[in-house]
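Q: Provide a 3D model corresponding to the input given below.
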Amino acid sequence: MSAETPWKILLVDDEPTVLQLVTTRLKFQGYEVSTALNGTAADELLKKQRFHLVVCDVVMPVLDGPGLCRLVRSRGDKTPFLFLTAKGQPQDIVEVLSAGADDYVVKPFDAGELLARIKAILRRFYPSSSES
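A: Residues are numbered from 1 along each chain as shown. Model (predicted):
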């Protein structure tokens, strides 16, 4: 993407501290970030605007991450989802991927790994861009 058109990421997490830390890191890297505290609020944002990527917690009140992903996929929306989860057991990861996730990162996570996975997803989904 050019400097005039930044990557738009929707960050969804019910922990304000995580939202603040990840948002700061992503904005420092040049991403445009919108946030939501739960899946229902995120779904409303997804209905109103286009995002290049959703970075989403798994366990949240109101509508959890896998539920949000299933809902978005049911509308035919193919926006990639990267999940942040404290649940790192194989069955938890299988559940998230089965819900339509494109990748996952287990909490606590390394910021460098998160950024590398975001870049990899963006390269894969938007190959004509200049993301490196």
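Q: Now for Thr35, how many residues are close by?
A: Residues within reach of Thr35, counting by other CB atoms under 10 Å, total 19. Bear in mind the C-beta positions are built from the backbone N, C-alpha and C, glycine included.
Q: For it, give its distance to Pro127.
A: Using CB to CB, to the nearest Å, we find Thr35 at a distance of 27 Å from Pro127.
Q: One more: Gly88?
A: 30 Å.
Q: Could you check which of the two has the larger neighbour count?
A: More neighbours surround Gly88 than the other of Gly88 and Pro127, with 11 against 8 (other CB under 10 Å).
Q: which SS class is the more buried one?
A: coil (DSSP: H, G, I helix; E, B strand; the rest coil).
Q: May I have the phi/psi pair for the most centrally placed residue in the chain?
A: Most central in the chain under CA atoms, centre = their mean is Val55, positioned 1.3 Å from the mean C-alpha point. Geometry field for Val55 lists phi and psi as phi -110, psi 120, criterion degrees, to the nearest 10.
Q: repeat for the one 3 residues further on
A: Main-chain torsions, Val58, degrees, to the nearest 10: phi -90, psi -50.
Q: mind listing what it touches?
A: By CB atoms under 8 Å, 6 or more residues apart in numbering, the contact set of Val58 is Asp64, Gly65, Pro66, Phe83, Leu84, Thr85, Ala86, Lys87, Asp92, Val96.
Q: Torsion angles phi and psi at the nearest residue to Val22 once chain neighbours are set aside?
A: Spatial nearest neighbour of Val22, chain neighbours left out: Leu11 (5.7 Å); criterion: CB to CB, 6 or more residues apart in numbering. When read as degrees, to the nearest 10, the backbone of Leu11 gives phi -110, psi 120.
Q: In this structure Leu11 contacts Thr35, no?
A: Yes: using CB atoms under 8 Å, Leu11 and Thr35 qualify as a contacting pair, with a distance of 4.9 Å.
Q: Great, nothing more from me.
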